[in-house]
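Asker: Fold the following for me, if possible:
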Amino acid sequence: MKRCPTCQQTYANEAIKFCRFDGVALEELDGVPTRVLTKRERYPSESEDVANTTTIDTRSPIAGIGTPETRYARSGDIYIAYQVFGNGPVDLIYVPGWVSHLEYGWEEPTLARFYRRLASFSRLILFDKRGTGLSDQSTELPTLEQRMDDVRAVMQAAGSERAVVFGMSEGGNMAMLFAGTYPEHTIALITFGVFAKRVYDPEYPWAPTPEQRQGFYDALVREWGGPIGVEDLAPSKAHDEHFRQWWASYQRRSATPKAALALARMNTSIDVRHVLPAIKVPTLVMHRTNDRDTHIEEGRYIAARIPGAKFVELPGEDHLLFTGDQESVLTEVENFIKTLDRATEVESVLATVLYVMPVSEDKEGDRLTELARREIDWFRGRVSEATDRAICATFDGPIRAIRCAKAIRDEALAIGIQTKAGLHTGLCEIRVSEARGATVEISKQVAAQANSGEVLLTNTVRDLVSGSGVDFSHRGVCRVEGLSKEYELFIAV
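Answerer: Have a look, this model is predicted:
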């Protein structure tokens, strides 16, 4: 028999380690007489005169302010839980790391204080990513593209046309992709403890090796339910028993063991290195010097590749931004926001360009153009060029571009027209409805190298479709005429 030392609820199942009500670690009773509660004990209200109550310091930023109401925004068939808090002059949407739980997060004083401090100089928008916390679960792994759609859905539901996008850890990858793809909705980008790639590469040697990631997966399977990772994520709190218990419960409430493992595997395949030069909004990159989870060099790498980014190195070893010296983080964020010019001119965007060509010259160009326009519209793309020899379109997500390319190929084949397609993700100059620049030219050259019926794409597309279920086969290397850089080619199968 086990008992919760907080609420006194008892459990006969020896396999249960934590209280299902408040997440506190259970204690062994060892034959001590106990009582089984038929209902959860009620805690006294503030109006009752109770001895030994805890007094909250009214000077604290967390005193006297309630927690915000949780609401839901619809993103496709999924509902995303979000909260809006504060009345500052600028909207700030915070993208959490790996997993989160909107409401339980407020029960930890350090995190509650962090949120309230942000809300003191902004209109703060919080949300749980799909598959975590209070947002809908999904039978499929979420992609970065879907998560960007979720951010747009939350912003729309919250009445926010433009916001500062603040991403922590894994949430920073999507924040960077969002800022590059939707600069018209992004006032500025802020990151903390972010990585560009999550597995070792000779050109990115600070990331964990495949063996280290596998060790993390194994630990998840063994230890999910306890305060897993607290020693590396929040070493300043590693010996705080209250925090350890809250962290364990926070993770359990944020995701199931299976979902946590699936999300961890998805994060391992993320690679946004080529996205960085396409980010044109004001950017603040923050990183702690001795971060135990993400190396300081990763922050420097990211800042060096985002045009005009400001890099701030902060002392400490905590990866969680709300533990350790959170005030230094908040001060940097507040000062950065004060310097922002809210007006912006959008000259270029990050986009996936699809270039489709008929394999042979015939008189069916008009029919191909007609069906291609229909599919491009269906997959939320924008036609940039449409002639009897080529169709070019831009997409704000690589998965939609791949699926559109396949749909055009299949529909064209059904009426006897063979096609080939090329895709590349990069920075595009948009003039009215026409896309220009190197990205367009690269996609055109990739399409020219494709065989009949192939959807050929560069690694810039492949690296952004983690969790999509799309399979690829390696095709070799593309040497783009006029550019010194090489790209790996893959066939979408």
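
Asker: list the helices and strands the longest helix out of those in the chain packs on?
Answerer: In the chain, taking DSSP state H as the definition, the longest helix is helix 398-414. Using 3 or more Cβ pairs under 8 Å, 6 or more residues apart in numbering; DSSP states H and E as the contact test, the elements touching helix 398-414 are helix 144-157, strand 348-358, helix 365-378, strand 391-395, strand 419-431, strand 455-458, helix 459-462, strand 486-492. (Each C-beta comes from the backbone N, C-alpha and C, glycine too.)

Asker: now, of those, which is deepest in the fold?
Answerer: Neighbour counts (mean count of other Cβ atoms under 10 Å) averaged over each of those peak at strand 455-458, with a mean of 28.

Asker: starting at the chain centroid, how far to that one?
Answerer: Remark: strand 455-458 is offset 25 Å from the chain centroid, using Cα atoms, centre = their mean, to the nearest Å.

Asker: what helices or strands is it leaning on?
Answerer: Secondary-structure packing of strand 455-458 (3+ Cβ pairs under 8 Å, 6+ apart): helix 398-414, strand 419-431, helix 438-449, strand 472-479, strand 486-492.

Asker: can you rerun that using 10 Å?
Answerer: On a contact count with 3 or more Cβ pairs under 10 Å, 6 or more residues apart in numbering; DSSP states H and E, strand 455-458 meets strand 348-358, helix 398-414, strand 419-431, helix 438-449, strand 472-479, strand 486-492.

Asker: Report the strands that pair with it, each with its relative direction.
Answerer: Strand 455-458 sits in its sheet next to strand 419-431 (parallel), strand 486-492 (antiparallel), going by DSSP bridges.

Asker: Could you figure out how far the last one is turned away from helix 398-414?
Answerer: The reference is to strand 486-492. Calculated by axes from the mean of the first three to the mean of the last three Cα atoms, to 10 degrees, strand 486-492 forms an angle of 60 degrees with helix 398-414.

Asker: now strand 486-492 and strand 472-479, what's the angle there?
Answerer: Using the same axes, to 10 degrees: strand 486-492 against strand 472-479 is 150 degrees.

Asker: Specify the angle between strand 486-492 and helix 438-449 in degrees.
Answerer: 60 degrees.

Asker: for the record, mean pLDDT for strand 486-492?
Answerer: Throughout strand 486-492, pLDDT has a mean value of 91.

Asker: Equivalent analysis for stretch 150-169, please.
Answerer: The pLDDT scores in stretch 150-169 average 95.

Asker: and Arg403, how many neighbours does it have?
Answerer: Arg403: 19 surrounding residues under other Cβ atoms under 10 Å.

Asker: same question, Pro315
Answerer: Pro315: 10 neighbours (other Cβ under 10 Å).

Asker: give the contact list for the closest residue to it other than its chain neighbours.
Answerer: Leaving aside its chain neighbours, Pro315 sits nearest to Thr289 (5.7 Å; criterion: Cβ to Cβ, 6 or more residues apart in numbering). Thr289 makes contact with 296, 299, 313-317, according to Cβ atoms under 10 Å, 6 or more residues apart in numbering.

Asker: what residue ranges in the stretch 101-250 of the chain score low on pLDDT?
Answerer: Low-confidence segments of the stretch 101-250 of the chain (pLDDT under 70): 139.

Asker: Take the helices and strands packed on helix 398-414 and lay them out in a markdown table including distance to Met266.
Answerer: Output for these, formatted as a markdown table (distance: least, Cβ to Cβ, whole Å):
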| stretch | distance to Met266 |
| --- | --- |
| helix 144-157 | 9 |
| strand 348-358 | 19 |
| helix 365-378 | 26 |
| strand 391-395 | 21 |
| strand 419-431 | 18 |
| strand 455-458 | 19 |
| helix 459-462 | 14 |
| strand 486-492 | 18 |
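
Asker: Of the helices and strands packed on strand 455-458, give the one that comes closest to Pro5.
Answerer: Nearest of these to Pro5, taken as Cβ to Cβ: helix 398-414 at 48.2 Å.

Asker: in that closest one, what counts as buried?
Answerer: Neighbour-count burial for helix 398-414, counted by 16 or more other Cβ atoms under 10 Å, picks out 398-409, 411-412.

Asker: quick one: it to chain centroid distance?
Answerer: The answer for helix 398-414 is 27 Å, by Cα atoms, centre = their mean.

Asker: Please export the C-alpha coordinates of stretch 207-215 as CSV.
Answerer: Output of stretch 207-215 as CSV, limited to C-alpha atoms (Å, rounded to 0.1, in the frame of the first residue of the first chain):
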residue,chain,number,x,y,z
ALA,A,207,24.7,18.2,-31.4
PRO,A,208,24.3,14.8,-29.6
THR,A,209,25.5,11.7,-31.4
PRO,A,210,22.9,9.1,-32.6
GLU,A,211,24.0,6.9,-29.7
GLN,A,212,23.4,9.7,-27.2
ARG,A,213,19.9,10.3,-28.6
GLN,A,214,19.2,6.6,-28.3
GLY,A,215,20.3,6.7,-24.7
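
Asker: Pull the distance from that stretch to the chain's centre.
Answerer: For stretch 207-215, the distance to the chain centre is 20 Å (Cα atoms, centre = their mean).

Asker: And it, what's buried?
Answerer: If you call a residue buried by 16+ other Cβ under 10 Å, then stretch 207-215 has these buried ones: 207-208, 213.

Asker: Dump those residues to TSV, plus secondary structure.
Answerer: TSV is the format used below for the buried residues of stretch 207-215 (DSSP: H, G, I helix; E, B strand; the rest coil):
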residue	secondary structure
Ala207	coil
Pro208	coil
Arg213	helix
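
Asker: quick one: which of these is nearest Ile279?
Answerer: Ala207 (20.1 Å).

Asker: My read is that that closest one contacts Asn267, right?
Answerer: No - the criterion here is Cβ atoms under 10 Å, and Ala207 misses it with Asn267 at 11.1 Å.

Asker: Report the set of residues contacting both of those two.
Answerer: 195, 198-199, 213.

Asker: Contacts for stretch 230-240 next, please.
Answerer: Here stretch 230-240 makes contact (Cβ under 10 Å, 6+ apart) with 97-98, 108, 110, 169, 193, 227, 243-244, 246-248, 251, 290-294, 316-320, 322-325.

Asker: go again using 7 Å as the cut-off
Answerer: The contact list for stretch 230-240, computed with Cβ atoms under 7 Å, 6 or more residues apart in numbering, reads 243-244, 247, 292-293, 317-320, 323-324.
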